[in-house]
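Novice: Fold the following, please.
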Amino acid sequence: METLPGKQVVAVIDIGTSAIRLVVAEVGAKDEVRHLENLQKPVRFGRDVFTTGHISTPVMREALEILKNYKTVIDGYGAKKVQAIATSAVREASNRDTFIDQVFVRTGLDIEILEGPEENRLELIAVEHALEGKMNLEAKNCLILEVGSGSTELILLNQGRVEITRTLSFGSVRLPGQRVPGETASSGIQRALKRDIHEIAQYAAREYSIEQVNTFIALGGDVRFVAAQFHESITGRFVELDKKAFLNFTARVAKMTPEEITAQYGLSYGQAETLYPALLIYSCFFNETHAEVFLVPMVSIRDALLLEMAQFLSGYKRTDLSKQVLNSARHLAEKYKYDKLHAAQVASTASKLFDVLEKEHGMGTRERLLLEVSGILHDIGTFISPAGHHKHSSYLVTASEIFGLRKSDKNIVSNVVRYHRRVPPHESHEAYMSLPKADRAVVSKLAAILRVADSLDHAHQQKIRQWTVERSEDALTLWIPGEVGDVSLERDALGKKGDLFTAVFGMTVQLKQRPLETSR
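Specialist: Modelled structure (predicted):
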């Protein structure tokens, strides 16, 4: 196939719980994406993993055959860039590494296991792209929900800011109280889901009341199917569903057998079997809110991946969700009653030091974001106890969900806040030594910078807001104005906590004060 000038052909493979999907697209400048091929083949990963914990040999063989065929299609289009992802079922399989290795050996495809926070990030990109120019999310309180076969992804936006993200371990195949749909009556499914979802809403209300939601945004193939039943032709990136019509459709499907759904709507038996459980989950969450607006973006995380590929290949600025990552970190910190002004000061100072030391540390924007998140969260452990709060902060970070941060990112942040005070990283520290070598180097560099930033606000009074830098071969001197006043506490703290900075960057760090200017 010939590609138009300025265009490139790319492909995305999505290995889900109940199907493997392929999208081949032509991408161009900025966010221009044109689908060339959409394929979907059913595969029962979920039936295996959610009952036995692993992918069976027959299912693995079937998946490999599908992927080999997809690779042939991709090669036929001449796609130069291919991104293959796998979600909840493969993620949870005990033999996932064997499967990933087999796929690479047989097809050359390198599969990335997508974690919940990364799914959340891609979902928000897809939603923002679909609603761009049509709705201002910053004026809305939104619940974004995607019901998958094995998990449900939830994002709560407060005036456009990410407040809560959750990856819930149930979906249209994995239901509460049973292994597969259809094993109990629909009334039993209703009771179990309504109870569980109400408990989730009550738990979330400790941080944010779902009743405040005024806009419900539903992602996923099942709800896109429903949208198509109410709109003969869909030309835009999203549609609005009538609340009553959606709930009535769900109630009607509840009374139908999979065979009847297949006959009436032309769905495969597997899709028909899980349609009602999926719609019931959407309905239960929808009823927990006071939302009157029900939006269905006609996009998926595959579209978000294609959008990012288009932006990367064309050199156009990529969608930046760093503000949402920081919003999520601040929301977590508020939950633990942090010192907001101190955290903001430390995060700001650490970011400035990061920029000053660019040549010395050789890190990029991702590491800078992780440092800023660490600055916001470094003291949240005082909620548990001021004594040893650096360890408590590390634990709380590890145990929490932070929007947009993968597990590897969160492990780095957890270790950086662990070392913002007291002893630096050591070979006897298991959490630190379990990191990949490259990540250990990142932790040491970021923790060294954070210790300096924290020292400069040791009294939690935000006195040192401005400083200039003087460099020599073996020293970094921070000059502050004389008008700041007494900084003996900060200077003493820097003397105690600057040891890691010296060890990592090979230079001492000093705090000096310029004399007060005498008035004439």
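Novice: packing partners for the helix or strand residue 60 falls within?
Specialist: Here residue 60, judged by DSSP states H and E, is contained in helix 57-77. If you count contacts as 3 or more Cβ pairs under 8 Å, 6 or more residues apart in numbering; DSSP states H and E, helix 57-77 packs onto strand 8-15, strand 19-27, strand 33-42, helix 45-52, helix 96-107. (Each C-beta comes from the backbone N, C-alpha and C, glycine too.)
Novice: Reformat those as JSON lines; add mean pLDDT and mean neighbour count.
Specialist: Below are these laid out as JSON lines (pLDDT from 0 to 100; neighbours: other Cβ atoms under 10 Å):
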{"stretch": "strand 8-15", "mean pLDDT": "97", "mean neighbour count": "23"}
{"stretch": "strand 19-27", "mean pLDDT": "96", "mean neighbour count": "22"}
{"stretch": "strand 33-42", "mean pLDDT": "96", "mean neighbour count": "15"}
{"stretch": "helix 45-52", "mean pLDDT": "92", "mean neighbour count": "21"}
{"stretch": "helix 96-107", "mean pLDDT": "97", "mean neighbour count": "16"}
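Novice: so which of those gets nearest residue 261?
Specialist: strand 33-42 (15.2 Å; Cβ to Cβ).
Novice: so the closest one versus strand 19-27, what angle?
Specialist: 170 degrees (axes from the mean of the first three to the mean of the last three Cα atoms, to 10 degrees).
Novice: Paired strands for strand 33-42, with orientation please.
Specialist: strand 19-27 (antiparallel) (DSSP bridges).
Novice: Using CSV, list the CA coordinates for the partner strand.
Specialist: Presented in CSV, the C-alpha positions along strand 19-27 are these (Å, rounded to 0.1, in the frame of the first residue of the first chain):
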residue,chain,number,x,y,z
ALA,A,19,-10.9,-10.4,22.5
ILE,A,20,-7.7,-9.4,20.6
ARG,A,21,-8.2,-6.3,18.5
LEU,A,22,-6.1,-4.7,15.8
VAL,A,23,-6.3,-1.2,14.4
VAL,A,24,-4.2,-0.2,11.4
ALA,A,25,-4.2,3.6,10.8
GLU,A,26,-2.6,6.3,8.7
VAL,A,27,-1.3,9.1,10.9
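Novice: and the angle from it to strand 8-15?
Specialist: For strand 19-27 against strand 8-15, the angle by the same axes, to 10 degrees is 170 degrees.
Novice: tell me the SS of the residue nearest in space to the middle of the chain?
Specialist: For the chain, the residue nearest the mean C-alpha position is residue 117 (2.5 Å; Cα atoms, centre = their mean). For residue 117, the assignment made with DSSP: H, G, I helix; E, B strand; the rest coil gives helix.
Novice: Relative to residue 174, which of the helices and strands packed on helix 57-77 is closest?
Specialist: Of all the helices and strands packed on helix 57-77, helix 45-52 sits nearest to residue 174, with 4.8 Å by Cβ to Cβ.
Novice: Identify the residues contacting the closest one?
Specialist: 15-18, 54-56, 59, 63, 88-90, 92-93, 149-150, 173-174, 179-180 (Cβ atoms under 8 Å, 6 or more residues apart in numbering).
Novice: Only the buried members of these: can you turn that into a PyMOL selection?
Specialist: Listed next is the PyMOL selection for buried residues among the contacts of helix 45-52, using 16 or more other Cβ atoms under 10 Å:
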select buried, resi 15+16+17+18+54+55+56+59+63+88+89+90+92+93+149+150+173+174+180
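Novice: Among the contacts of helix 45-52, which are located in strands?
Specialist: residue 15 (DSSP state E).
Novice: Just the ones of the contacts of helix 45-52 in helices?
Specialist: Among these, the members found in helices (DSSP state H) are 59, 63, 88, 89, 90, 92.
Novice: Kindly present the residues you listed as TSV, with separate columns for pLDDT and distance to residue 48.
Specialist: TSV is the format used below for those (pLDDT from 0 to 100; distance: Cβ to Cβ, whole Å):
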residue	pLDDT	distance to residue 48
59	97	5
63	98	10
88	92	13
89	95	8
90	96	10
92	95	10
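Novice: which residues are contacting stretch 81-92?
Specialist: In contact with stretch 81-92 (Cβ under 8 Å, 6+ apart) are residues 8, 10-17, 45-46, 48-50, 53, 55, 74, 96, 99-100, 103, 109-115, 119, 148-151, 171, 301, 305, 309, 313.
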